[in-house]
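Engineer: Kindly return the folded structure for what I paste below:
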Amino acid sequence: MAKLAIKYVWEIPVRLVHWVNALSIFILTVTGLFIAHPFTIVQSISPQTVMMWMRWVHFFFAFAFTVSILYRIYWAFKGNEYAHWRVFFPYLTAEGRKEMIGALAFYTFLSRKAPDFVGHNPVAAAAYVFVFLMYFGLIATGLILYGIHDPGGTVAAGTTWGTGIINEQAIRNIHHILMWLVIGFVIQHFYSGWLCDIKERSGLISSIFSGYKTIHVHEDHKH
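Structural biologist: Purely as a prediction, here's the structure:
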């Protein structure tokens, strides 16, 4: 019979990045939707002033989000085994590929056995690589759009290449599509986190606050 143990899994930098990203994505979505299609007016403030503040808030959290992502990449080389970059490429080893198949079977309702991993299960870890690619796409297109509207600024000096490849409207469309893809990921993230927390009984959701998970220790437990 497995024994229960408490293990420190998510270090402070990982948890900090998670919550900075969560807050940034929420505010960037709201302000981004407003910038694209203003959905409210303030009687005592001119529309131009409201838009100016919305853009400022959007840019502020965009830069906060960028710094957070870059710091998480740094921590992938400095953090513990659960934060290390290797966990995001489980398919590079035979054991990792086998574990991915088991986790996929659970997610696709082909198996009732929930993934039993201390850190990220291999399917989630591999998916995060694509999520980060979407983040990079959002950051790149956002910086290009920022440079377009501030042609004399520092950002514009490093992003003019973007408009040389595709036009401004295409860049806006890519930025907008990536936003909706990230929203889709957030919805899935809530669902899978809740599902695994119930099935694994590992305290997964509370662990992103405390850093500690409840694990089932078996004699042959290797993860």
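
Engineer: Can you list the low-confidence ranges for this structure?
Structural biologist: Scanning the chain for pLDDT under 70 picks out the ranges 1-2, 40-44, 115, 150, 152-164, 200, 216-223.

Engineer: hmm, 90 instead?
Structural biologist: Scanning the chain for pLDDT under 90 picks out 1-7, 35-52, 91-93, 95-100, 102-124, 143-170, 188, 190-206, 213-223.

Engineer: residue ranges for the strands of this structure, please.
Structural biologist: With DSSP state E as the criterion, the chain has strands at 3-8, 212-217.

Engineer: Which one of those strands lies nearest to residue 205?
Structural biologist: Among these, the nearest to residue 205 by CB to CB is strand 212-217 (10.2 Å). C-beta coordinates here come from the backbone N, C-alpha and C atoms, glycine included.

Engineer: Can you tell me which of the strands of the chain is most buried?
Structural biologist: Mean neighbour count (mean count of other CB atoms under 10 Å) peaks for strand 212-217 among the strands of the chain, with a mean of 16.

Engineer: Run through the bridge partners of the closest residue to residue 7 other than its chain neighbours.
Structural biologist: Excluding its sequence neighbours, the residue lying closest to residue 7 (CB to CB, 6 or more residues apart in numbering) is residue 215, at 5.2 Å. In this entry, residue 215 is beta-bridged to residue 5, by DSSP bridges.

Engineer: my guess is residue 215 contacts residue 82, does it?
Structural biologist: No - contact criterion CB atoms under 8 Å: residue 215 and residue 82 do not qualify, at 11.5 Å.

Engineer: residues shared between the contacts of the two?
Structural biologist: Overlap of the contact sets of residue 215 and residue 82 (by CB atoms under 8 Å, 6 or more residues apart in numbering) consists of residue 118.

Engineer: what about the helices in the protein?
Structural biologist: Listed in chain order, the helices of the chain (DSSP state H) span 12-36, 47-78, 94-107, 122-149, 154-165, 168-200, 204-210.

Engineer: For these, give me a markdown table that also has mean neighbour count.
Structural biologist: A markdown table is the format used below for those (neighbours: other CB atoms under 10 Å):
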| stretch | mean neighbour count |
| --- | --- |
| helix 12-36 | 16 |
| helix 47-78 | 15 |
| helix 94-107 | 16 |
| helix 122-149 | 18 |
| helix 154-165 | 13 |
| helix 168-200 | 15 |
| helix 204-210 | 15 |
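
Engineer: can you put the ones you listed in CSV and add distance to residue 5?
Structural biologist: Formatted as CSV, those follow (distance: least, CB to CB, whole Å):
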stretch, distance to residue 5
helix 12-36, 20
helix 47-78, 25
helix 94-107, 21
helix 122-149, 22
helix 154-165, 48
helix 168-200, 14
helix 204-210, 13
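
Engineer: what's the closest of the ones you listed to residue 114?
Structural biologist: Of all the helices of the chain, helix 168-200 sits nearest to residue 114, with 3.7 Å by CB to CB.
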